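Chemist: Sharing a model that was predicted from the sequence below.
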Amino acid sequence: MDSRMTFKERKDSFQSSSSKKSKDNPVLMMGDSEESVMVTPPPEEKKKRSKKMWKDESLPSSHTKYYKRPTRLAEFQHVTRDEYLSISESISGSEDTFSCLYGSEGRQYSPKALLKRNLVKNLDPIPFDREWSEGCAPTFGWEMAKTLQTMVESPTLEDQLDRFQAHIRDFVKTSSRGFRVDVLKSVCEVMDYLLETMFRLPFMSELLTELLRNLDNPIPLLKSSDIVTYFDDIVYFMGFMAYLLIRLDDRAQFDIVSNAILYHLCAPDSVRGPGTVQQRHALTAAAPVLRVTIVRMIAVANNHRFPTFLDIVLILACNTEENCIEMMKENIIEIIFYRFNPYFPKKDLPYYDVNPLDCMDANVRLGESSRHMTTTLSLMLLLLKTTPSP
């Protein structure tokens, strides 16, 4: 602008430029007075972010697009990457990708996937809190024992572990007063599966412990003749408890089974109640499967397990002379004498332990037979008294 322009010319030039800008800008000049009000249009509302966590394939994108034709003469069709690579659509309730959900807020099932889902009857896993059902009554009855046995025999059990755990806890409530005589074999099969898999799946140990706690109860009968009908099952059940005594490594679980087997062998009928397996029946069923195994375990049992096996041998010896004879054939007396040696079977008893000068010496050790002298002497006197001399 020329510096020699007059003030009036500068003013006219400024007003003309202002009016030109007002046409370009979205600013409205209102009012006829010298004071004008500038009104700007309201800002455009921001698009709300979609809650959907998946990408709509129909929207334009700069990513790679895939085309495929079903037949050689057909036209190319726009397909997804999974369809191009012939990856079948997932029919589960959740995707492998992060935050990809099915349902009203996510991707819907395609007709093909929905048909496949209905055919295979695939159920969505529904996680639930244990506290929701702990105080509730059991949903199923004794038929659940057979269901659990079928599940542990199935090769697909590890695909439905949540359902398996829920059924186990439900059955624990049903059998809280003892396992009924017609489900004993099924219970043993389930416990054996839990015992074999708890080293690979540690949470199985808790389920096994819950079932073991119900062993310390009488065995209910459906009718009196069940003693004859299910006698083989009772024998199998008593033998399985002896197997648990040998197989269990956990001290707490061993104590549970130890108390249970001693209960079944020596609890009086008045404690068991009517309509249950009585003491004479339990002793008759347990003798053939216990007397050989338990005698052999006395020779190798540690200081924590030795009293249990010694008590079982004494109970069996008090029952019949036949048990005493069979245990004598297994060298029960020789084994008891071996257990006077605290170093058995590693080495012989040292000389200073054979005849110690000071019986109160801290270096003198006692064997397990010496620690339980009362039970040991009672058993030896009973064996010698009931065994006929040649």
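Modeler: Yep, it's here.
Chemist: any weak-confidence spans in the stretch 251-390 of the chain?
Modeler: In the predicted model of the stretch 251-390 of the chain, residues 352, 388-390 satisfy pLDDT under 70.
Chemist: Quick one: the helices in the stretch 251-390 of the chain, in order.
Modeler: 251-266, 269-272, 279-300, 306-319, 321-329, 332-338, 351-354, 368-371, 373-386 (DSSP state H, counting those that start in this stretch).
Chemist: okay, Glu153: pLDDT?
Modeler: Listed pLDDT for Glu153 reads 92.
Chemist: So the residue lying closest to it once chain neighbours are set aside, which state does it fall into?
Modeler: Nearest non-adjacent residue to Glu153, counting by C-beta to C-beta, 6 or more residues apart in numbering: Glu189, 7.6 Å away. Heads up, the C-betas are built off the backbone N, CA and C, glycines and all. Following DSSP: H, G, I helix; E, B strand; the rest coil, Glu189 is assigned to helix.
Chemist: wait, what's in contact with Glu189?
Modeler: For Glu189, the contact set (C-beta atoms under 8 Å, 6 or more residues apart in numbering) comprises 149, 152-153.
Chemist: Pull up the gap between it and Gln149, please.
Modeler: Relative to Gln149, Glu189 is positioned 5 Å away (C-beta to C-beta, to the nearest Å).
Chemist: and what of Tyr193?
Modeler: In terms of C-beta to C-beta, Tyr193 sits 9 Å off from Gln149.
Chemist: got it, and Leu314?
Modeler: 35 Å.
Chemist: neighbours of Thr276, just the number please.
Modeler: By other C-beta atoms under 10 Å, 20 other residues sit near Thr276.
Chemist: mind putting the contacts of Glu189 in CSV, distance to Thr387 included?
Modeler: Shown next, in CSV, are the contacts of Glu189 (distance: C-beta to C-beta, whole Å):
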residue, distance to Thr387
Gln149, 43
Val152, 44
Glu153, 45
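Chemist: So which of those sit within helices?
Modeler: Among those, DSSP state H puts 149, 152 in helices.
Chemist: which among the contacts of Glu189 end up buried?
Modeler: With burial judged by 16 or more other C-beta atoms under 10 Å, the buried subset of the contacts of Glu189 is 149, 152.
Chemist: what about Ile261, how many residues close to it?
Modeler: Neighbours around Ile261, by other C-beta under 10 Å: 24.
Chemist: Spit out the contact partners of the residue nearest to it when sequence neighbours are not counted.
Modeler: Nearest residue to Ile261, sequence neighbours excluded (C-beta to C-beta, 6+ apart): Met241, at 4.7 Å. Met241 makes contact with 215, 257, 260-261, 264, according to C-beta under 8 Å, 6+ apart.
Chemist: make it 7 Å
Modeler: 215, 257, 260-261 (C-beta atoms under 7 Å, 6 or more residues apart in numbering).
Chemist: Quick check on these: which are buried?
Modeler: Neighbour counting with 16+ other C-beta under 10 Å marks 215, 257, 260-261 as buried within these.
Chemist: could the residues you listed go into JSON lines alongside distance to Leu201?
Modeler: Listed next are the buried ones among the contacts of Met241 as JSON lines, based on distance: C-beta to C-beta, whole Å:
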{"residue": "Leu215", "distance to Leu201": "22"}
{"residue": "Val257", "distance to Leu201": "21"}
{"residue": "Ala260", "distance to Leu201": "24"}
{"residue": "Ile261", "distance to Leu201": "26"}
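Chemist: So which of these is the closest to Pro111?
Modeler: Distance to Pro111 across the buried ones among the contacts of Met241 (C-beta to C-beta) is lowest for Leu215, with 52.8 Å.
Chemist: quick one: the closest one and Ala260, what's the gap?
Modeler: Counting by C-beta to C-beta, the separation of Leu215 from Ala260 is 4 Å.
Chemist: Then Thr374?
Modeler: Computed as C-beta to C-beta, the Thr374 to Ala260 distance reads 24 Å.
Chemist: try Val228
Modeler: When Val228 is compared with Ala260 (using C-beta to C-beta), they lie 24 Å apart.
Chemist: Check Tyr67 too.
Modeler: Tyr67 is 69 Å from Ala260, where distance means C-beta to C-beta.
Chemist: what do you get for Asp216?
Modeler: Asp216 sits 4 Å away from Ala260, going by C-beta to C-beta.
Chemist: repeat for Tyr243
Modeler: 13 Å.
Chemist: Can you mark which positions in stretch 302-315 are buried?
Modeler: Quick answer for stretch 302-315 (16+ other C-beta under 10 Å): 305-306, 308-315.
Chemist: from memory Leu191 sits against Arg213, does it?
Modeler: Rather than Leu, residue 191 is Met. No - with contacts counted by C-beta atoms under 7 Å, Met191 stays clear of Arg213, the gap being 11.9 Å.
Chemist: Neighbour count: these two, which is higher?
Modeler: A direct count of neighbours by other C-beta under 10 Å for Met191 and Arg213 places Met191 higher, at 20 against 16.
Chemist: ok, that one - contacts?
Modeler: Met191 touches 208, 211, counting by C-beta under 7 Å, 6+ apart.
Chemist: where's it relative to Asp250, distance?
Modeler: Following C-beta to C-beta, the distance that separates Met191 from Asp250 is 14 Å.
Chemist: the domain parsing of the chain - what is it?
Modeler: 78-120, 130-386 (automatic domain parsing).
Chemist: closest to Arg72 out of those domains?
Modeler: domain 78-120 (16.1 Å).
Chemist: can you list contacts of stretch 250-261?
Modeler: Here stretch 250-261 makes contact (C-beta under 7 Å, 6+ apart) with 209, 212-213, 215-216, 241, 244-245, 248, 304-305, 308, 312.
Chemist: separation between Ser224 and Pro274?
Modeler: Here Ser224 is placed at a distance of 10 Å from Pro274 (C-beta to C-beta).
Chemist: Next, Lys68: phi, psi?
Modeler: Dihedral pair for Lys68: phi -150, psi 150, per degrees, to the nearest 10.
Chemist: Brilliant, that's me finished.
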